[in-house]
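Colleague: Generate coordinates for the sequence data below:
(chains A and B)
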Amino acid sequence: QITLKESGPTVVKPTETLTLTCTFSGFSLNTSPEGVGWIRQTPGKALEWLVLIYWDDDKRYSSSLRSRLNITKDTSKKQVVLSMTNMDPADTGTYFCVRSGWSETLTGYFFDHWGQGTLVTVSS
Amino acid sequence: IQLTQSPSSLSASVGDSVTLTCRASQGISTYLAWYQQRPGKAPKLLIYGASTLQSGVPSRFSGSGSGTDFTLSISSLQPEDFATYYCQVLNSYRTFGPGTKVEVK
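Modeller: As a prediction, this is how the structure comes out:
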């Protein structure tokens, strides 16, 4: 059974860096073409894909947020960590950890397992 | 690539059949997925590749389309199907549409 669970602060101040951890189970993130990423849901922008890291440490970033994002993995701990700098109230929302799915012709573009999400509020 | 979904909401009854539409601003072949999100829950993958049903998803869900126009059909709505549905383009942008909310009439 595949599960993903997000953890981290519920409140961050403007200009601070947000760090969220995804702890997963049921897969290793050591095997092609596995990937884990982050998607957020904000009142203003609905669902927005942020970033993805693959089994081989290849990383893909949202072009609009690339300068603020970093993603790392620790497969021994089965964790993926998201860092997002210079947080703003507009970044308030629910952040989901996701596993990317694959098929014969599509790899890494859709998301077949989601964590429950964690609500992050940016406020002073 | 921008995605628009119509209608933004619709009202239906249990047992009804409904069709939701997603339109892409340019052709995306069949590179589209559909998700269902129930209130307070994470989205759930229903369909990818425009028409391939994800494992475990009931057969009353079906997807079709290619190019710019896509549809998600639900035959015989069940109580658990009242939710918001999102489409997503399967390219490097991984953009989501704004959603269609299916409500109880």
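
Colleague: Chain A contacts on chain B?
Modeller: B:31, B:33, B:41-45, B:48-49, B:52, B:54, B:86, B:88, B:90-99 (Cβ under 8 Å from any Cβ of the partner chain). Using the backbone N, CA and C atoms, a C-beta is placed for each residue, glycine as well.

Colleague: Filter those down to just the buried residues.
Modeller: Buried subset of these (neighbour count, 16 or more other Cβ atoms under 10 Å in any protein chain shown): B:31, B:33, B:42-45, B:48-49, B:52, B:54, B:86, B:88, B:90, B:94-99.

Colleague: CA atoms only: put stretch B:90-97 into PDB for me.
Modeller: Listed next in PDB are the C-alpha coordinates belonging to stretch B:90-97 (Å, rounded to 0.1, in the frame of the first residue of the first chain):
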ATOM      1  CA  LEU B  90       0.300  16.100 -19.100                       C
ATOM      2  CA  ASN B  91       3.300  18.100 -20.300                       C
ATOM      3  CA  SER B  92       6.300  19.900 -18.600                       C
ATOM      4  CA  TYR B  93       3.900  22.600 -17.200                       C
ATOM      5  CA  ARG B  94       1.600  20.100 -15.500                       C
ATOM      6  CA  THR B  95      -1.100  22.800 -15.400                       C
ATOM      7  CA  PHE B  96      -4.500  22.200 -13.800                       C
ATOM      8  CA  GLY B  97      -7.900  23.500 -14.900                       C
END
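
Colleague: In space, what's closest to residue A:43 - neighbours in sequence excluded?
Modeller: Excluding its sequence neighbours, the residue lying closest to residue A:43 (Cβ to Cβ, 6 or more residues apart in numbering or on different chains) is residue A:93, at 7.0 Å.

Colleague: is it true that that neighbour touches residue A:120?
Modeller: Yes - the pair residue A:93 / residue A:120 is scored as a contact, 6.7 Å apart, by Cβ atoms under 8 Å.

Colleague: got the residue ranges for the helices in chain B?
Modeller: Using DSSP state H, chain B contains no helices.

Colleague: Beta-bridge partners for the residue most central in space within it, please?
Modeller: Closest residue to the average C-alpha location of chain B: residue B:34 at 4.1 Å, with Cα atoms, centre = their mean. For residue B:34, the beta-bridge partners are residue B:47, residue B:87 (DSSP bridges).

Colleague: Touching stretch B:7-17 from outside, list them.
Modeller: Contacting residues not belonging to stretch B:7-17 are listed as B:18, B:20, B:73-79, B:98-105 [Cβ atoms under 8 Å, 6 or more residues apart in numbering or on different chains].

Colleague: Show me what stretch A:5-20 is in contact with.
Modeller: With Cβ under 8 Å, 6+ apart, stretch A:5-20 has contacts from A:21-24, A:38, A:81-89, A:91, A:95-97, A:115-124.

Colleague: let's go with 7 Å and repeat that
Modeller: Applying Cβ atoms under 7 Å, 6 or more residues apart in numbering or on different chains, the contact partners of stretch A:5-20 are A:21-23, A:81-89, A:95-97, A:115-124.

Colleague: Buried residues, that stretch. List them.
Modeller: Buried residues in stretch A:5-20 (16+ other Cβ under 10 Å): A:6, A:12, A:18, A:20.

Colleague: Which of the helices or strands spans the last one?
Modeller: It stands for residue A:20. strand A:18-25 (DSSP states H and E).

Colleague: distance between that strand and the chain's centre?
Modeller: 8 Å (Cα atoms, centre = their mean, to the nearest Å).

Colleague: tell me the mean pLDDT for it?
Modeller: The pLDDT scores in strand A:18-25 average 98.
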